[in-house]
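Participant: I need the structure of the sequence given here:
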Amino acid sequence: MLKRFSISLDEDLLEDFDLFIRQRRYENRSEAIRDLIRKSFVKDEWAADKDVMGVISLVYDHHQHQLQEKVTEQQHDHHHLIVSTTHVHMDHDNCLEVIIVRGKARDVQELADQLISLRGVRDGKLAMSSTGKHLH
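Facilitator: From the prediction side, this is the model:
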């Protein structure tokens, strides 16, 4: 069931918020506010070390000595966190590895940090998400 409420905002803040809505192509203010609230709850889940989902993306030089073996070894060492992995050959030198993970936030963050810091990883990111259990 939806409940309505009203809020008061400074005119300049409302203008900035409306620009935010247009740039991100929200249909209306309500959907943007719902999304911002949910993102805050996801952030809280990570801070509270709850069960979370995430996506670790790595771009690396596949010629880097033993890097692929190290990436695979880390994944095997943390197999209980790995949901799925996709490996893409971007060009002759570069690969993209996308790893979907699920587990306690601290463990997922630790795995991401270990992978991203490997020598030869040119870019790495952890996209934090929720299991959705507590989001409405």
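
Participant: Got phi/psi on residue 98?
Facilitator: phi -120, psi 120 (degrees, to the nearest 10).

Participant: Can you check the pLDDT for it?
Facilitator: Residue 98 carries a pLDDT value of 98.

Participant: Identify the residues contacting stretch 105-114?
Facilitator: 45-52, 54, 56, 74, 78, 81, 101-102, 124, 126, 128 (C-beta atoms under 8 Å, 6 or more residues apart in numbering). C-beta: built from backbone N, CA, C; applies to glycine.

Participant: Kindly recompute the last result at 10 Å.
Facilitator: Stretch 105-114 is contacted from outside by 45-58, 70-71, 74-75, 77-78, 80-82, 99, 101-104, 124-128, using C-beta atoms under 10 Å, 6 or more residues apart in numbering.

Participant: Now a PyMOL select for only the buried ones of those residues.
Facilitator: Here is the PyMOL command that picks out the buried ones among these, judged by 16 or more other C-beta atoms under 10 Å:
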select buried, resi 45+46+50+52+53+54+55+56+57+58+70+71+75+78+81+82+99+101+102+103+124+126+128
